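**Q** A structural model of the following input is requested.
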Amino acid sequence: MQSSELEDRAHAYGSDQLSLAAELGGILLDADIKHVNRISGGGNNGMFRIISSKGEHALKLYRRDPNDPRDRLGAEEAAITFMRKHGIEQVPKLIAQDAREQCAVFDWIDGQAITSPTMVDIDTAWQFAARLHELINESDAEKIALASDACLSFQDIASQAEQRMERFLAHDGLSESCRGFLEKEFRPALTEIVEHERAFIESTGLDFTSVLERDEQTLSPSDFGFHNAIRTPTGDIVFLDFEYFGWDDPAKLICDFVLHPGMRLSDELRDRFVTQADSIYSGNERLMERMHHALPLYALRWCMIVLNVFLRNDAEIELADAGQNSAAVVKRQRLARARDLLSQAITIDRMI
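**A** As a prediction, the model looks like this:
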């Protein structure tokens, strides 16, 4: 079937995502669809389990936003192709995709979410990161783009946090609770922490604005953690979601892993990951020093990321949450999470 026909069929379903997923899955697999159900509560995409005459598969509908030009499907396709070419099998197999409709079919992976990671799981995660770092000198690694929202300087981190804040404040439909948090709590803390970190960083001889050279970067999943992983019945871990994959600062990978609000890691597990990450990037000069100074800045950035629901309509929020909570509940939960991250940022900054 030609792409134009696929597009016509897709648009015919409008907001009926189950019907859309069934239709697209049938076309991409060239198979009769017997059953389809939504399995993901993720806010960026729709993920569906499809049972067809050709077996069981996962269909991913990538989020489309006219204000966001990122090619999520292209990045994920490039990442998985690169990793599998170089022997990394802890990722799904990409079966078929359609760039025009921004959808892809993957092999189905049986397993369970990792809600209580162990020390062994932490070791599996850093070994996965280590394997990616080993591949940075491969000739085709240069074809990989920068990770989405890569931060190659301290200034990048601060600027992204500030730009996200300004985007919220410019949104006409922003709730008073979120606006109040941003204006009365977040903005003053952002100013104070950035000024303090800039002064301290430059006093150590590091540069707040200098960009990390390529030989100090790594290949990063970008949204890396157990929130994007499945434990199979055999005990293996498969890592998912590489739509933001690319070159980035190893310090960002470390900070995002230990701060990610989608995981609840004990201090012991965080320390284990940081210690092992230091050995992975041992040739990266002053990495741990940069990581410690970047940590409060990344906590500020994460404050803004968790508030993204305030830029979406209620129906979209409830669909992303898989109908478990009302949009009002989700927003209250995210605002509380942002306050917790802001508290972490302030505490970390004052310890430096």
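**Q** every contact and neighbour count from this point should use C-alpha atoms.
**A** Fine.
**Q** for the most centrally placed residue in the chain, which non-adjacent residue is spatially closest?
**A** By Cα atoms, centre = their mean, the chain has its centre lying nearest to residue 223, at 2.8 Å. Closest residue in space to residue 223, ignoring its immediate chain neighbours: residue 244 at 6.8 Å, by Cα to Cα, 6 or more residues apart in numbering.
**Q** give me the pLDDT for that neighbour.
**A** Listed pLDDT for residue 244 reads 95.
**Q** is it true that it touches residue 145?
**A** No: the pair residue 244 / residue 145 is not scored as a contact, 9.7 Å apart, by Cα atoms under 8 Å.
**Q** helices of the stretch 51-200 of the chain, start to end?
**A** Assigned helices in the stretch 51-200 of the chain, in chain order: 72-85, 119-134, 154-169, 176-180, 187-203 (criterion: DSSP state H, counting those that start in this stretch).
**Q** the third one vs helix 187-203, what angle?
**A** Going back to what we said before, that points to helix 154-169. Angle of helix 154-169 versus helix 187-203, following axes from the mean of the first three to the mean of the last three Cα atoms, to 10 degrees, is 170 degrees.
**Q** if we can go back for a sec, surely the residue nearest to the centre of the chain meets residue 241?
**A** Yes: counting by Cα under 8 Å, residue 223 touches residue 241, with 7.5 Å between them.
**Q** so residue 244 and residue 145 - more neighbours on which side?
**A** Each of residue 244 and residue 145 has its neighbours counted (other Cα atoms under 10 Å); residue 244 has more, 25 against 16.
**Q** state whether the more buried one is indeed within a strand.
**A** No: assignment of residue 244 by DSSP: H, G, I helix; E, B strand; the rest coil gives coil, placing it outside any strand.
**Q** distance-wise, check it relative to residue 290.
**A** For residue 244, the distance to residue 290 equals 22 Å [Cα to Cα, to the nearest Å].
**Q** before we move on, what about residue 269?
**A** For residue 269, the distance to residue 290 equals 21 Å [Cα to Cα].
**Q** cool, residue 84 as well?
**A** 31 Å.
**Q** go on, residue 26?
**A** From residue 26 to residue 290 the distance is 49 Å (Cα to Cα).
**Q** what number of residues lie near residue 225?
**A** Neighbour count for residue 225, taken as other Cα under 10 Å: 20.
**Q** nope, residue 100 is what I meant
**A** Count around residue 100 with other Cα under 10 Å applied: 11.
**Q** got a pLDDT number for it?
**A** 91.
**Q** how does this structure divide into domains?
**A** 3-108, 113-351 (automatic domain parsing).
**Q** that older thread, ramachandran angles for the residue nearest to the centre of the chain?
**A** As for residue 223, its main-chain torsions (degrees, to the nearest 10) stand at phi -110, psi 70.
**Q** out of the domains of the chain, which gets the lowest mean score?
**A** Looking at the domains of the chain, the lowest mean pLDDT belongs to domain 3-108 (a mean of 85).
**Q** how far is that domain from where the chain is centred?
**A** What separates the centre of domain 3-108 from the centre of its chain is 18 Å, taken as Cα atoms, centre = their mean, to the nearest Å.
**Q** where exactly do the helices run in the stretch 251-352 of the chain?
**A** Here the stretch 251-352 of the chain has its helices, by DSSP H, counting those that start in this stretch, at 267-280, 287-306, 314-320, 327-351.
**Q** export only the CA atoms of stretch 73-93, formatted as PDB.
**A** Taking C-alpha atoms only, stretch 73-93 is exported to PDB below (Å, rounded to 0.1, in the frame of the first residue of the first chain):
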ATOM      1  CA  LEU A  73      11.000   7.900  14.800                       C
ATOM      2  CA  GLY A  74      14.100   8.800  12.800                       C
ATOM      3  CA  ALA A  75      16.200   9.000  15.900                       C
ATOM      4  CA  GLU A  76      14.900   5.700  17.300                       C
ATOM      5  CA  GLU A  77      15.400   3.900  14.000                       C
ATOM      6  CA  ALA A  78      19.000   5.200  13.700                       C
ATOM      7  CA  ALA A  79      19.700   4.200  17.300                       C
ATOM      8  CA  ILE A  80      18.300   0.700  17.200                       C
ATOM      9  CA  THR A  81      19.900   0.000  13.800                       C
ATOM     10  CA  PHE A  82      23.300   1.200  15.100                       C
ATOM     11  CA  MET A  83      23.100  -0.800  18.300                       C
ATOM     12  CA  ARG A  84      22.000  -4.000  16.800                       C
ATOM     13  CA  LYS A  85      24.700  -3.700  14.100                       C
ATOM     14  CA  HIS A  86      27.300  -3.600  16.800                       C
ATOM     15  CA  GLY A  87      25.900  -6.600  18.800                       C
ATOM     16  CA  ILE A  88      23.800  -4.800  21.400                       C
ATOM     17  CA  GLU A  89      20.700  -7.100  21.700                       C
ATOM     18  CA  GLN A  90      19.200  -5.600  24.900                       C
ATOM     19  CA  VAL A  91      16.900  -3.500  22.700                       C
ATOM     20  CA  PRO A  92      13.800  -4.300  20.700                       C
ATOM     21  CA  LYS A  93      13.800  -5.400  17.100                       C
END
